[in-house]
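Colleague: Kindly return the folded structure for what I paste below:
(one chain, ligands or ions: 1)
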Amino acid sequence: MATYKDWTQGDEQCFTSEVGISPRGEYYNYVIVKGGKIVGFGEEQGNYAGGIYASPEFSTECFKHEKERLKTQYPELYEKIKDIPLAKIYKPANKAIYRPKGKAGEYAAWACNFYTGCSNDCQYCYCKRGVLSHVWSTTPRLKKCFKDADDAIETFRKELDYYIANSSIQNRGLFFSFTTDPLLDETGGLTVEAAEYAIRKRVPVQILTKRADGALRFVECLSQMFGGIRPFHKIAIGFTLTGFDELETNASLTESRIHAMRTIHALGLRTFASIEPMLDLTMTEDIVNCTLGFCDLYKIGLLSGGKQPIDPKNLFSFIPNITNKIGNAGAKVYWKKSVSELLDGAVYSHPAAVDDGYDIFSINRQWPHNRQQPFNPFML
Ligand code: SF4
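Modeller: Reported below is the predicted structural model:
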């Protein structure tokens, strides 16, 4: 006689196809119903695999087609659910994760912002002047679209699951953050939780900060969560390094940021420097000289708005010189569009000069000499 595993619990029900037995255990298809609507299609495959493979929150197309598939492949299961409507298809409202546009889009294909406001209080901060100026504060505040931190992380997970199933986010990665420093005392907790979730889902994470203490704490937290930091964790930590501490009122000193970058790189993580705004060519060269050997990528851009402090004439020799230096150290440099715009569209071509689609994780890093590379069969 056919066996089924149907069950009801509160307003949740599960309907199954006939249960089969394989060497791995029981296998069957199932449909989950909640509040009178179908919310998931899944599969049980014994002890090793299975789970929901279509729901309104991910695999949108698959969710819509699944009911029809059951009709031909599992008619006895289809009979049980044929009159039950599908739950509303989920569309993220981009509360946490979004695709940045304009200059921010040049920096990252996908970004996450939980907070607006930043206690670093940089004098050149674009958030103070732009569309966010009305909600800007030197105290970071959770964005109004979130009820609290729990709601923020739940929303993040839901949106990320959706984009994993419906976009290229697993190739392009996720950037934190454009509207705050994500590693402040106030913001770091959510950044850690979100980064951990993203990494477990194989979404590369890039974090930009001016906090040396926050960056080291972040790496320590992740190390505890994962039982060590290993190369298969796609995390890149970037430090903004303009060299002008007096303009970055409450940020860590440049020296501390560079020291943190060196430490983090030695642990096997990717690192990048955001030299933006570039305010002085000599200072920029000093920053590059001080970080060669433990910075994988330099992103260099000009001040946006206000009087431009860089004389374009000086860039014609500066750009090849810096690019060569960076290339000789095995790193890459991305000269932002603002630089080529100042040079009437001129672009310097060199193997070390990359474009905005460059993947920092494509760099073939050596595992630090004093550590054994841990064996992991799932290593990417
Ligand atoms: S760290 Fe970034 S967000 Fe914070 S004040 Fe400085 S420029 Fe603005």
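Colleague: Residue 260: how many residues sit nearby?
Modeller: Residue 260 has 22 neighbours, counted by other CB atoms under 10 Å. For every residue, glycine as well, the C-beta is placed using N, CA and C.
Colleague: Give me every residue in the stretch 201-350 of the chain lying close to the ligand.
Modeller: residue 210 (CB under 6 Å from any ligand atom).
Colleague: what do you get if the cut-off is 8 Å, keeping everything else the same?
Modeller: 209, 210, 240, 248, 251 (CB under 8 Å from any ligand atom).
Colleague: Just flag the most distant two among these.
Modeller: Greatest spacing in those, by CB to CB: 209 and 248 (11.5 Å).
Colleague: low-confidence ranges in the stretch 151-300 of the chain?
Modeller: 231-232 (pLDDT under 70).
Colleague: err, the stretch 1-150 of the chain, not the other one
Modeller: Short version for the stretch 1-150 of the chain, where the test is pLDDT under 70: 48.
Colleague: What ranges does it have for its helices?
Modeller: For the stretch 1-150 of the chain, the helices defined by DSSP state H, counting those that start in this stretch occupy 60-73, 75-81, 102-107, 126-129, 149-166.
Colleague: And the stretch 201-350 of the chain, by the same measure?
Modeller: Counting by DSSP H, counting those that start in this stretch, the helices of the stretch 201-350 of the chain are 212-226, 254-266, 281-291, 312-328, 337-342.
Colleague: Distance across stretch 322-339, terminal residue to terminal residue?
Modeller: 14 Å (CA to CA, to the nearest Å).
Colleague: which residues are in contact with it?
Modeller: 103, 106, 276, 278, 284-285, 288-289, 292-293, 295-302, 304, 315, 319, 347-348, 350-356, 358, 360, 363 (CB atoms under 8 Å, 6 or more residues apart in numbering).
Colleague: more neighbours, residue 209 and residue 248?
Modeller: Of the pair residue 209 and residue 248, residue 209 is the one with more neighbours under other CB under 10 Å, namely 29 against 21.
Colleague: distance of that one from residue 169?
Modeller: Distance of residue 209 to residue 169, given as CB to CB, to the nearest Å: 21 Å.
Colleague: ok, now residue 150?
Modeller: In terms of CB to CB, residue 150 sits 23 Å off from residue 169.
Colleague: what does residue 126 give?
Modeller: Residue 126 is 25 Å from residue 169, where distance means CB to CB.
Colleague: Those two: which has the busier surroundings?
Modeller: residue 169 (23 against 18).
Colleague: What are the boundaries of the strands in the stretch 1-150 of the chain?
Modeller: 7-9, 12-16, 20-22, 25-34, 37-45, 50-54, 97-98, 111-112, 115-116, 141-142 (DSSP state E, counting those that start in this stretch).
Colleague: Name the stretch among those strands that sits most buried.
Modeller: Highest mean neighbour count of the strands of the stretch 1-150 of the chain: strand 111-112, a mean of 24 (counted as mean count of other CB atoms under 10 Å).
Colleague: Show me what that strand is in contact with.
Modeller: Contact partners of strand 111-112, identified using CB under 8 Å, 6+ apart, comprise 96-100, 104, 156, 174-178, 194.
Colleague: How about the contacts made by residue 303?
Modeller: 124, 277, 278, 279, 309, 310.
Colleague: ok, residue 300 touching residue 277?
Modeller: No. Checked against CB atoms under 8 Å, the pair residue 300 and residue 277 is beyond contact range at 9.7 Å.
Colleague: okay, now the domains of this structure?
Modeller: Domains of the chain are assigned by automatic domain parsing as 7-81, 97-362.
Colleague: First residue to last residue on the last one, what's the distance there?
Modeller: Translated: domain 97-362. End-to-end for domain 97-362, by CA to CA: 24 Å.
Colleague: buried stuff in stretch 333-345?
Modeller: Buried residues in stretch 333-345, defined by neighbour count with 16 or more other CB atoms under 10 Å: 333, 334, 335, 336, 337, 338, 339.
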